[in-house]
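Enquirer: Here is a sequence with its predicted model. Questions after.
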Amino acid sequence: MVSYLVVGLGISGWSFVRLLREKGESFIVVDDGKPGASHVSAGFYNPVILKRFTPAWKAHEFLAYALEQYKKAEKDYGRRLVYPLKIYRKLASVEEQNQWAVASQRPVLSHYMRNVVFDPLEGIEAPFGFGVLENTGMVDLQSLLQEERNRLKKEKRLIEENFEYSTLIIKDKEVEYKGIQAKHVVFAEGYGVKRNPFFNYLPLTGTKGELLEVELARSLDKIIKSGIFLAPIPWKNTSLAGATYEWKDKTNIPTAQAKEHLTKKLKKLYKLPFRFVQQYAGIRPTVIDRRPLIGSHPHEKTLFVLNGMGTRGVIYAPKMAEYLWRFIAHNDSLPLHINISRF
Ligand SMILES: Cc1cc2nc3c(=O)[nH]c(=O)nc-3n(C[C@H](O)[C@H](O)[C@H](O)COP(=O)(O)OP(=O)(O)OC[C@H]3O[C@@H](n4cnc5c(N)ncnc54)[C@H](O)[C@@H]3O)c2cc1C
């Protein structure tokens, strides 16, 4: 008998597993090994919404906790995962310059938003300058997930398969899955939850996103945000350009339309030559009210969900995992905004 069966090893499942390790809980993970949103994510952490210059919901509060967990993982895995990088938001007008100056004085935002600068960046024209963000950066999610996966495999705690919901036997105070007994199941399948008969009633809409990996004639040392973003990948010698937002197509297959769209935008932003390397696509687990989906099944009290990280899994997932663990292990209440009981 183990305490937990965790389904899905994206950043949500990872955050929960890390917590279980810290607390000395017993667990088994089931993951199909297919690349989910976390595997294609740019890995940015930035608590400021750069369209409106407003803070993303509780992102400042949750970021500190998340970075702590990633730093611990760096030590544990013996490799670098967190890369602080400034973001340069290209400003479009004098009006935007003024809006930036005003917003940067506000509480929370002042922790990130700095002055407007006119630094010359090779290949990028910005007659109205850039609003600079600090205390932002990128997490190498691919390596972080691979490290944990390797460890779980070595410990024989990873079942690499598609979780078969129909074979789950639910008893009064435990479940059984293919001969494994567990006290709790935590479902962290990202958009895959749509195939989960216990939680597919939740209003997870899903937003497809695509990215291009490119090689720039002159590489950058900061993230540039204009219509799209252009970012160096510090752990590779390439850059990322993206992303798209698409609500109809729910496959994670890269499309020619997205490639064309992003290439066009990139040419507008970056005036020097670049070479296409690769294209990525994934479904962001976005929710109607833009809040995470955490909690227990309305009737089956052994089943739990950890989902709805939306566009900011890097910032939200570790804290959401902690909320869920406290809810299960200590009976602590969940904040109303994230509790699935709201649906
Ligand atoms: C293009 C793009 C760019 C993004 N950029 C950023 C960014 O810069 N910063 C940021 O914070 N967020 C970003 N996001 C959002 C972020 O990726 C998500 O919030 C986050 O990855 C969600 O993590 P998750 O673990 O909940 O889901 P996922 O990462 O999708 O993980 C779920 C895992 O469960 C597995 N699974 C599903 N069903 C089953 C099953 N039945 N059996 C076994 N395994 C199963 C899947 O294969 C998958 O690996 C981006 C997303 C996209 C698509």
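Expert: Arrived safely, thanks for sending. Residues are numbered from 1 along each chain as shown.

Enquirer: all contacts plus neighbour counts: C-alpha atoms, from now on.
Expert: Will do.

Enquirer: Would you confirm that residue 173 contacts residue 185?
Expert: No. Counting by C-alpha atoms under 8 Å, residue 173 does not reach residue 185; the two are 11.3 Å apart.

Enquirer: Looking at these two, which has the bigger crowd around it?
Expert: Neighbours per residue (other C-alpha atoms under 10 Å) separate residue 173 from residue 185, with residue 185 holding more: 25 against 11.

Enquirer: near the ligand at all, the helix or strand that contains the more buried one?
Expert: Taking DSSP states H and E as the criterion, residue 185 maps to strand 180-187. No. If you take C-alpha under 6 Å from any ligand atom as the test, strand 180-187 misses the ligand, and the best it gets is 8.5 Å.

Enquirer: repeat for stretch 225-233
Expert: No. Under the criterion of C-alpha under 6 Å from any ligand atom, the ligand is not reached by stretch 225-233; the shortest gap measures 9.9 Å.

Enquirer: avg pLDDT for that stretch?
Expert: Stretch 225-233 carries an average pLDDT of 96.

Enquirer: what comes into contact with that stretch?
Expert: 87-91, 219-224, 238-243, 262, 265-266, 269 (C-alpha atoms under 8 Å, 6 or more residues apart in numbering).

Enquirer: re the thing from before, what is in contact with residue 173 and residue 185 at once?
Expert: residue 302.

Enquirer: contact partners of stretch 36-48?
Expert: Stretch 36-48 is contacted from outside by 10-11, 54-56, 59-60, 63, 109, 112, 135-142, 190, 240, 280-285, 312-315, using C-alpha under 8 Å, 6+ apart.

Enquirer: helix/strand/coil for residue 291?
Expert: coil (DSSP: H, G, I helix; E, B strand; the rest coil).

Enquirer: Please apply the same query to the one 10 residues further on.
Expert: Per three-state DSSP, the local secondary structure of residue 301 is coil.

Enquirer: which residues does it contact?
Expert: residue 173.

Enquirer: Angles on the backbone of it, please.
Expert: Geometry field for residue 301 lists phi and psi as phi -80, psi 0, criterion degrees, to the nearest 10.

Enquirer: all helices for the stretch 201-343 of the chain, in order.
Expert: Assigned by DSSP state H, counting those that start in this stretch, the stretch 201-343 of the chain shows helices spanning 256-269, 313-330.

Enquirer: average pLDDT for the first one?
Expert: Just to be clear, that refers to helix 256-269. Across helix 256-269, pLDDT averages out at 98.

Enquirer: counting contacts, what elements does it pack onto?
Expert: strand 207-216, strand 239-242 (3 or more C-alpha pairs under 8 Å, 6 or more residues apart in numbering; DSSP states H and E).

Enquirer: now do the last one
Expert: When contacts are defined as 3+ C-alpha pairs under 8 Å, 6+ apart, helix 313-330 packs onto helix 11-23, strand 44-45, helix 59-77, strand 293-296, strand 303-307.

Enquirer: which residues sit against that helix?
Expert: Helix 313-330 is contacted from outside by 11-12, 15-16, 19, 38, 43-45, 47, 59, 62-63, 65-66, 69, 139, 292, 294-295, 306, 309, 332-334, using C-alpha under 8 Å, 6+ apart.

Enquirer: circling back: with mean pLDDT, mean neighbour count and distance to residue 118 as added columns, please give the helices and strands packed on helix 256-269 in JSON lines.
Expert: Below are those laid out as JSON lines (pLDDT from 0 to 100; neighbours: other C-alpha atoms under 10 Å; distance: least, C-alpha to C-alpha, whole Å):
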{"stretch": "strand 207-216", "mean pLDDT": "98", "mean neighbour count": "22", "distance to residue 118": "21"}
{"stretch": "strand 239-242", "mean pLDDT": "98", "mean neighbour count": "23", "distance to residue 118": "22"}
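
Enquirer: With respect to residue 27, which of the helices of the stretch 201-343 of the chain lies nearest?
Expert: Ranking the helices of the stretch 201-343 of the chain by proximity to residue 27 (C-alpha to C-alpha) places helix 313-330 first, at 12.9 Å.

Enquirer: coming back round to it: looking at the helices and strands packed on helix 256-269, which is nearest to residue 251?
Expert: Taking C-alpha to C-alpha, strand 207-216 is the member of the helices and strands packed on helix 256-269 nearest to residue 251, at 7.6 Å.

Enquirer: would you put the C-alpha positions of that closest one in PDB?
Expert: Extracted in PDB, the C-alpha atoms of strand 207-216 (Å, rounded to 0.1, in the frame of the first residue of the first chain):
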ATOM      1  CA  THR A 207      -5.500  26.900 -25.400                       C
ATOM      2  CA  LYS A 208      -3.100  25.600 -28.000                       C
ATOM      3  CA  GLY A 209       0.300  27.300 -28.100                       C
ATOM      4  CA  GLU A 210       3.100  27.000 -30.600                       C
ATOM      5  CA  LEU A 211       6.700  28.100 -30.600                       C
ATOM      6  CA  LEU A 212       9.600  28.300 -33.000                       C
ATOM      7  CA  GLU A 213      13.200  27.400 -32.000                       C
ATOM      8  CA  VAL A 214      15.500  29.600 -34.200                       C
ATOM      9  CA  GLU A 215      19.200  30.500 -34.500                       C
ATOM     10  CA  LEU A 216      19.700  34.200 -34.700                       C
END
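
Enquirer: Output the contacting helices and strands for it.
Expert: strand 239-242, helix 256-269, strand 274-284.
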